[in-house]
Structures are given as C-alpha cells and as structure tokens.
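J.: The sequence and its predicted three-dimensional model are supplied below.
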Amino acid sequence: MERVAQQQVAMMPIEFKLNGQTVVGRPDELIIETARRHGISIPHLCYTRTLRPDGNCRACVVEVKGERALAPSCCRFPTQGMEVTTDSARALASQKMVLELLLADMPEHEYTLNNKVDVWARNLKVGKPRFKSRVQPKADLSHPAMAVNLDACIQCTRCVRACREEQVNDVIGYAGRGDHSKIVFDFDDPMGESTCVACGECVQACPTGALMPARDAGLQAIDKQVDSVCPFCGVGCLLTYHVKENKIQFVTGKDGPSNHGRLCVKGRYGFDYAHHPHRLTKPLIRKEGVGKSADFVVDPGNWSGVFREASWEEALELAASGLKRIKDKDPYALAGFGSAKGSNEEAYLFQKLVRTGFGTNNVDHCTRLCHASSVAALMEGINSGAVSNQVNDVQNAEVIFLIGANPTSNHPVAATWMKNAAKNGVKLIVADPRRNELARHATQFLQFKPDTDVALLNAMIHSIIAEDLVDKKFIADRTSGFEALKENAKNFSPEKMAPVCGVPAQTIREVARLYATSKASMILWGMGISQHVHGTDNARCLIALTLMTGQIGRPGTGLHPLRGQNNVQGASDSGLIPMVFPDYQRVDHPDANQRFEKLWGMALDKKPGLTVVEIMNAAYDGSIRGMYIMGENPAMSDPDLEHARTAMARLEHLVVQDIFLTETAYLADVVLPATAWPEKEGTVTNTDRMVQLGRRALKAPGEAREDLWIIVELAKRLGLSWNYSHPREVFDEMRSCMDSIKGITWERLERDSSVTYPCENEGDPGQPVVFQTHFPTATGRAKFVPADLIGAAERPDRDYPMVLITGRQLEHWHTGAITRRSGVLDAIEPEPVASLHPLDLAALGAKPGELVTVESRRGKIALYARADDGTPRGAVFIPFCYYEAAANELTNPALDPFGKIPEFKYCAVRVTRGGQRPGDPGYGKGRTLGELYG
C-alpha cells in the first residue's frame, strides 16, 4: 500500500513555467526530461536517462527564479509555481564555458562521428577554445572488443555508473585528484588485463568516444539501423544493429522490457559470425563412396573431399526422396530435431512437417537437454511449464533464492537485475556446488555438495514445517497433497541432511526461515537443478517450497526456471516436443488430436514420439534410419558423444540444415545452407514469456536461403500442399491453435517489438505475473509431490575419483558453432579449459595453463588447466563449447525417468597431469588425483 501511495504521489501533475510558458510536469520527472517532452533541448554530457543523474559536468545548468546559483537540470525536480529559464544569458554563458573548457582537451583525432561535446558546441556556436590542452594519456588498445582513448575523456563518469551501478561489474573506477584524476580499470590495469567482462555498457554510455568498439567502428558512416532481438541466451535483450555495406559494424542495446538497453559481451560483440568464411553458401551432397564414422575431424573450410556442391533443386529432391523412401517402409523409422535457435514460426512448421509429412511424433529439440525435468515437474504440479514471474521482478522481491544457476555467465543481463536488487537491499541466497560471481552479492551462499540438491531442499521444507511457517490458508485454498509432503519431510531434518549436503544445519534453518517469512520470495534456477537423473525431484522440491509458503501469484514471488537458449521457451510452446502439440496439448488427448486434425486436414498419430536421447539410441540400434536436423548440433551437444556420433553415422539418410558445416552436418547426406539470425524475420519467446520480433538486417551470403523457405520446400516434396511465403502467415496460423498468444497480432509486434503472453484477446496487455487466483489445473489447485533421495547414476570411485560438472562460459554459446567464429569472443576465450580448485591442481603437480587430461568411462579429452577456487575440491568444471576437447565425450547419458533429460551435471572422471590435444596421437601420462579422492 505504501508503494502504491508513493506511485500515486509521483504521478500528480505539477504546473511550472519553462522559458516563460506554463508546462505540466511530475514530482518524479527531472526538469531536463520535462523540457525534452516540450521540445526544448538542454545541453548535457554526464546525463543519460538510463543512469543515475550525477550533475558533475554542469553543461545542463538552468536559471531558477529566486535562486542565487544556477541549477543542473539533470538533478532537479520541478515544484509547483517554479520558474525555469534554460536559455537566459547567464545560463547560456555557463553552458558555453563548460563546453569550451572541455573542447580544449578534445583530441584532434575523432574516435566517433557522434562526440557529444562537438555536437553541443556546434549547437551553441562555441568557437575554437581559448585554453591550452593538458598533456593527454596514450591509447589503450589491449582489449579485443573495446578501444580506450582517455584523451577524449571528459570525466563525466557515465562509464563508472554504467559499470558499477547498472551492470554491477565493479571494474571501472575514478582515481587520482585534481589534474591527475582519471578513469581506471581495476587497479589502473590495461583494460585487456582487467577483470572487465566486455559487456560494453561503458561504450554505450560514453558520450565522446573515449570508450568505443575496437577497430574504429565508431567512425563508420552507417547505412541503416535495424531493431531486433539478441539470438543468444533466453533473456531476450532487444538491440539495434548498425549496418554498413551488408555488415554489422556494431550493436547497441535497445530499451526492451527485459534489458532496458543493457547487453552482454555476446549480444554486443558476437555478430561477426554471420560474415565468417566458413558460412555455407551452396547446398552440399555427400560424394558417392565416402562413408561415415564416429571417428572424424571436421575441417569446415575444406569440405570438398567429402561433399560436392549441388543446385537447390537437386539437393531438395535428394533430401526429400531419401526421407520418403524410409517413410514408405516404416514412418516410425524417421525423426526430426528442430532448433531453439530459430524462430517460433520455424519451430511450428518443423514440428508440423514431422507430424504431417513423416506421420509420427518423433520430433524434439534441445530443451530435452536443458529443462525437460523442470517442465515435467511444473506440468505435474501446476500444469504449466512457463515461468510465473519475469526476471526483473526480482526488484519487487524481499528474498531471491537462486539455485543451480550461474547467471553472470549464462544470463548476464538477468544477473544485473539480481545484482541491482541486492544493492537495493533485497536478500540474495545463492546455492550451488560452484561459487559464482553472484555469491559476493549474496546474503547467504550455500556451497552444497554436488548431487545433494534434494537433501538440501527437503531439509528446508522440514524446517519450515517444524517452525510452523507454512501458509495454512494458501495450502487449504489452492493446493492438494500437503499431508504426503509433510510425512515425507519427517525424514529430512537439517541435522540429518547437513553431513549429506555439506551445509550446516543452522544455516539451512536460517535460509528456510528467511525464505518463508519474507513478504515476497522468488526462486530462480538453472540447469544445475535440471540436468540430473533426479532433476524432476529437484524441481518438485522447489515447487513445494513455493506452494507451502504461498510465495506465488504476486509480484516478487514465484518460480522461474531460467531458459538457456534464445527460443527454448518459444520452440517448446510451438510444439517442438514429442508428446505435445503447440501450447502443450497432449498428442494422445482426443480433443487436442481432433483440433489439430481439423486444422491440418489429415489424420495424426496419437502415440507420443521419442525424445532426443531415445532417438539417438534408436538410430544406434537401427530402428531410426532417417533424420532431418535443423540448426542443432547433437554431435557436440548430446551426452556420450562417441555413442551419438556412431548413431548418426549409421543412419541411412541424414538431412542437415545449418549455416556452418558443424560436426553434425559432417555426417549428413545432404546439407542445406540456411540463414543466420540477422538475415531473417520471425518471432522468438524469451524466458519471461515475451514474444519478440526479430527483423532482417543483412542479406544472406551466396545461395543460402531462409530456414522457413527450406522447410516449406521440403514439405512440398513430401506431398504437403504448403504455400507459406512469410512468417506472418505462419504466426497467424499459430494464433488459431495456441490460446496463449491468440491476442498477439503481427501488426502489434511490428509496432511494439515485444508482447508478454498469456495474451488471449487482442489489445490485452499480457500477464507478467500468472497464477494470481488459481492454477491451470482441472481443480484450480496445485499439487505437492514429495521427493526422496536418489543418487547420481555414476558415483566417483578409486578409478574415477572426481566429479565432472559441465556448463557454459560467458564468452561462448552452447557448442561454439557460432561464438567461436566471432573474432572478439574467440580472442577472449580461444582455448579449451578445465577449472579445478588450486589445491587440486597443486596435488596434481600441475600449474595453471598446463595441459591436463580428463577421462571418464566413455572417453577422454585434454585441456588447459585453470585455477578456480569457486570449483569445489574433488570436482572439475568444463565448458562444452570446444570441439577439440568436447566435454560431452565424457558425460553420462543416464536419463531422468520423468523428463528424459541426461545427467550432464554429474559423472565420475579422473584427471591426469599432461596429455596431448585431441587429434594428436596418444595422450601423455602423469600423476592422477586417484589417491586423493579414491
């Protein structure tokens, strides 16, 4: 109520005079912004709407009647009856003097075509400065993404505020005094050697070019600007491409609802992959007599020994005829993998093609390897797999409980909202086997032992029940099954679970108490929760915590599984799943089946299809003989890569649609060259349930064609009478069968770029918070499902004494097919690394930077060692983006029985000092950690 009252006061109109005219402002609107609304431009340099006003440059001073001193309009709010003059002789003289003094220190060389000092000096007709320039610092070009030219710095501190207050990376500071004051990185380190994470927020904030994209990008005269959406993680940042001669020169953040102008290193500097010489530009067909095997090394720049170029007509005919030949014998011998990196329209048409063209439901995509267990638990408990609250709703929470996720690497802009919230007093609880960057902002950090999530969470459930902190009314009115949960929790006291999970009992009780008693607690989790054989049980416990305390259905509460790829949510919503049609309508439910048979005009299979890993197993044993794979790279992303690659090599016919010759494409019979994200139009749905429009900025290279066109052309050759010519037509069809987006029109997306679902009627604003009054179940109630302790499928032993944890790293995405072809990203992280605790490295006799070999029962790889005291002793963390040291050669394909998701986050390995890089003959031998952890 207090917050609502404050908002009402802030919206009350205030009348005051501005340059002699009566205007209407608000108590929370700065004078400079009121002036902007009324078409009055006031010079400003240190001020920008996205950052806290600082008032240090004094270029924006105005005269306020009755006040002795001039006032900075970027720091003053209007009051009733105030009289403000922006262009009085006194104000203008001061503004001009500020600009003249700053001009005196401006370098002769320009670093940007848009230096704000020059712009305002021209506007105010400030001539050549009368003052001598100071001695200026030299350029710092040590960072691959950003150039630092402090001779152009006016010390406005925009970069400091962007780094410390907005992104909260705490790298840029302001040091020295008087004439020696300057901007510094860490302890006055070169930028390239600092802890900078290259989010580029400082570059976007800088008004003069002192901080700019490297290689003089700011000096390019841009042909066009195109608004779109970032194609990397699930946060879904809106951005603007700045294009010259069909190349993206640089990218800026747009004020979208999920990012408000913020970007990360990938979103800002990861787009030159679209121009990489490895791009596929013509269809390829495997040469006759060239066999396939799991043992191969891809050279994407030299494919002529394996493939030959073909026309589109020949390639499409061969692709379709091979699939038809298998279908005619046995439709269940076909399967398709769609992509979470493409658009909703592509995902929808792909699954429609499999269901109507192949005749089965054997269609899946990478969500099976990400959040399938989370979705299984959510569907079971509340009958919805979507998030209840959006990420930046953490600002309305009192407690944030983050578990099994590393947002600073995987969802960097989402992490900024969490860091902002923590700085504003929200209590952040971080729980993870690895200590990550967010831990330093946490009220409590719980570094539990790997594989003990259920022990920790059930102990919290026990504590809340024991201390009678449950929300009895919420449980009675809106849930079922609580008594079974209560009975199960008796076996999980904190004292009993503390030695299991490695977190003191008192700490467990304190955290449980904190979560249960706050006015608003929000849970966010990642694949550290989902990628286990007990991933569904992990999520069941999180759902139980939420339901038993009533922490759902309000701002600042709820459940949020952080989606990994840019369109995991949308691809799932669009039906790219073997057991459901679009909008999660079960294929074996008569009503859903009839609805889609009527829409698509044919009989449909009522049998749920195979999942990703099941399809690979079926290909391995020969029951799946043909596949169509669009934009996925299972030869790098599937667990136990030797098995997956062997399975694909055994296929009778494999069609791959991609932009590069990936490891998967190397095993294809036909390779169809597709378009990169900036080369097409379509919608994607982010982790916040925002449907967002991506726009075309570039022409595709050579004969590469849009994915949508390729799907339609294949469908025609499989006997389907399709004639879609634009994503708009597909989206309109989707609206007809997906109630969640029925109210979202293409025209609205073109206008607003982003609309949140559920949006069931045209004009609805969308619902950022759901489950406010009921859950979408038959009874309106959510269900508690108790969880017991289930150990990992493979435990460390004397031969394999350590635990492997896999994941992503900030600079690279997924299997690296895109980001390792980005010059900036690969320059920052060019080599495969294995992170170990420094004491484990010492026990191994290895030093950071030396080669180590990591081996499981399925394979072995060699990487460079990296010391990381956030990785627990007895564990090793490896990103899975490096083809030359593919982490998934080691991982265990054991599945969660409910979500059918592999156990990527836990398997037994041994680490040996030394070794040779994959591809070289043999591996070196050295000391192992077997004695230490055996």
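T.: Done, it's in. Model, not experiment: these values are computed from the prediction. Residues are numbered from 1 along each chain as shown.
J.: What pairs with the helix or strand hosting residue 23, parallel or antiparallel?
T.: Using DSSP states H and E, residue 23 sits within strand 21-25. Neighbouring strands of strand 21-25 in its sheet, by DSSP bridges, are strand 14-18 (antiparallel).
J.: I'd like to know how many residues surround the nearest residue to residue 423 once chain neighbours are set aside.
T.: Ranked by Cβ to Cβ, 6 or more residues apart in numbering and with sequence neighbours excluded, the top spatial neighbour of residue 423 is residue 168, at 6.6 Å. Yep, even glycine has a C-beta here, placed from its N, CA and C like the rest. Neighbourhood size, residue 168 [other Cβ atoms under 10 Å]: 19.
J.: got the phi/psi numbers for residue 168?
T.: For residue 168, the backbone dihedrals (degrees, to the nearest 10) come out as phi 50, psi 50.
J.: Report the separation between it and residue 318.
T.: Remark: distance between residue 168 and residue 318 (Cβ to Cβ, to the nearest Å) = 53 Å.
J.: before we move on, what about residue 721?
T.: 21 Å.
J.: Give me the more crowded residue out of those two.
T.: For residue 721 versus residue 318, the count of surrounding residues by other Cβ under 10 Å is larger for residue 318: 19 against 7.
J.: got a list of what that one touches?
T.: Residues near residue 318 by Cβ atoms under 8 Å, 6 or more residues apart in numbering: 285, 310, 669-670.
J.: what does the model give it for pLDDT?
T.: Confidence at residue 318, expressed as pLDDT, is 98.
J.: Can you classify it by secondary structure?
T.: Counting by DSSP: H, G, I helix; E, B strand; the rest coil, the backbone at residue 318 sits in helix.
J.: same deal with residue 912?
T.: Following three-state DSSP, we place residue 912 in the strand state.
J.: What residues are bridge-paired with it?
T.: residue 853, residue 928.
J.: And residue 16, by the same measure?
T.: residue 23.
J.: picking that back up, so the residue nearest to residue 423 touches residue 417, yeah?
T.: No: with contacts counted by Cβ atoms under 8 Å, residue 168 stays clear of residue 417, the gap being 9.7 Å.
J.: out of the contacts of residue 318, which is most surrounded?
T.: In the contacts of residue 318, the most neighbours by other Cβ under 10 Å go to residue 670, 27 neighbours.
J.: what's the closest non-adjacent residue to residue 460?
T.: Computed as Cβ to Cβ, 6+ apart, the closest residue to residue 460 that is not its neighbour in sequence is residue 512, at 4.1 Å.
J.: Look up how far residue 489 lies from the one you found.
T.: 11 Å.
J.: now residue 323, nearest residue through space, not along the chain?
T.: residue 626 (5.5 Å).
J.: Next one, pLDDT for that neighbour please.
T.: pLDDT, residue 626: 98.
J.: go on, the one 10 residues further on?
T.: Per-residue confidence for residue 636 comes out at a pLDDT of 87.
J.: pretty sure it contacts residue 884?
T.: No: with contact defined as Cβ under 8 Å, residue 636 does not count as touching residue 884 (11.0 Å).
J.: Show me which of these two is the more surrounded one.
T.: Each of residue 636 and residue 884 has its neighbours counted (other Cβ under 10 Å); residue 636 has more, 24 against 14.
J.: which one is the more buried one nearest to, not counting chain neighbours?
T.: Spatially, and ignoring its direct neighbours in sequence, residue 636 is nearest to residue 815 (3.8 Å; Cβ to Cβ, 6+ apart).
J.: ok, that neighbour - contacts?
T.: Contact analysis of residue 815 by Cβ under 8 Å, 6+ apart lists 633, 636-637, 662-663, 880-881, 883.
J.: end to end, how far does stretch 626-637 reach?
T.: Counting by Cα to Cα, to the nearest Å, you get 19 Å between the two ends of stretch 626-637.
J.: low pLDDT regions in this protein?
T.: 1-10, 917-934 (pLDDT under 70).
J.: Could you find the closest non-adjacent residue to the residue nearest to the spatial centre of the chain?
T.: In the chain, the residue lying closest to the centroid (Cα atoms, centre = their mean) is residue 233, at 2.2 Å. Among residues not flanking residue 233 along the chain, residue 411 sits closest, at 5.3 Å (Cβ to Cβ, 6+ apart).
J.: which phi and psi does the one you found have?
T.: Here residue 411 shows phi and psi, under degrees, to the nearest 10, equal to phi -140, psi 60.
J.: shouldn't it be in contact with residue 565?
T.: No: counting by Cβ under 8 Å, residue 411 does not reach residue 565; the two are 11.0 Å apart.
J.: Name the residues contacting each of these two.
T.: Common contact partners of residue 411 and residue 565 (Cβ under 8 Å, 6+ apart): 233-234.
J.: Show me what counts as buried in whatever helix or strand residue 486 lives in.
T.: Following DSSP H and E, one finds residue 486 within helix 482-489. Using 16 or more other Cβ atoms under 10 Å as the test for burial, helix 482-489 gives 482, 485-486, 488-489.
J.: From the contact counts, what lies against it?
T.: Contacts defined by 3 or more Cβ pairs under 8 Å, 6 or more residues apart in numbering; DSSP states H and E place helix 482-489 against helix 453-466, helix 535-549.
J.: Remind me what the next helix or strand after that helix packs against, helices and strands.
T.: Using DSSP H and E, the next helix or strand after helix 482-489 towards the C-terminus is helix 494-501. The contact analysis (3+ Cβ pairs under 8 Å, 6+ apart) places helix 494-501 against helix 453-466, helix 505-517.
J.: so which of those helices comes closest to residue 759?
T.: Among the helices and strands packed on helix 494-501, the nearest to residue 759 by Cβ to Cβ is helix 505-517 (31.2 Å).
J.: For that closest one, list the C-alpha coordinates in PDB.
T.: Provided in PDB are the C-alpha atoms of helix 505-517 (Å, rounded to 0.1, in the frame of the first residue of the first chain):
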ATOM      1  CA  ALA A 505      22.000 -27.400   9.900                       C
ATOM      2  CA  GLN A 506      21.800 -23.900  11.400                       C
ATOM      3  CA  THR A 507      22.400 -22.300   8.000                       C
ATOM      4  CA  ILE A 508      19.700 -24.400   6.400                       C
ATOM      5  CA  ARG A 509      17.200 -23.300   9.100                       C
ATOM      6  CA  GLU A 510      18.200 -19.600   8.700                       C
ATOM      7  CA  VAL A 511      17.700 -19.700   5.000                       C
ATOM      8  CA  ALA A 512      14.400 -21.600   5.200                       C
ATOM      9  CA  ARG A 513      13.200 -19.100   7.800                       C
ATOM     10  CA  LEU A 514      14.300 -16.200   5.600                       C
ATOM     11  CA  TYR A 515      12.500 -17.600   2.500                       C
ATOM     12  CA  ALA A 516       9.300 -18.500   4.300                       C
ATOM     13  CA  THR A 517       8.800 -15.300   6.300                       C
END
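J.: So which bits of that helix are buried?
T.: Within helix 505-517, the residues scored as buried using 16+ other Cβ under 10 Å are 505, 508-512, 514-516.
J.: what's residue 445 sitting at in phi/psi?
T.: According to degrees, to the nearest 10, residue 445 has phi -120, psi 120.
J.: Could you do residue 240 as well?
T.: When read as degrees, to the nearest 10, the backbone of residue 240 gives phi -130, psi 120.
J.: Go ahead and confirm it touches residue 251.
T.: Yes: using Cβ under 8 Å, residue 240 is in contact with residue 251, at 6.9 Å.
J.: Looking at the two, which one has more neighbours?
T.: Taking other Cβ under 10 Å, residue 240 and residue 251 do not tie; residue 251 has more neighbours (25 against 16).
J.: That one contacts residue 266, correct?
T.: No: distance between residue 251 and residue 266: 10.2 Å, which falls outside the contact criterion (Cβ under 8 Å).
J.: Could you tell me how far residue 351 is located from residue 323?
T.: Applying Cβ to Cβ, the value for residue 351 to residue 323 is 15 Å.
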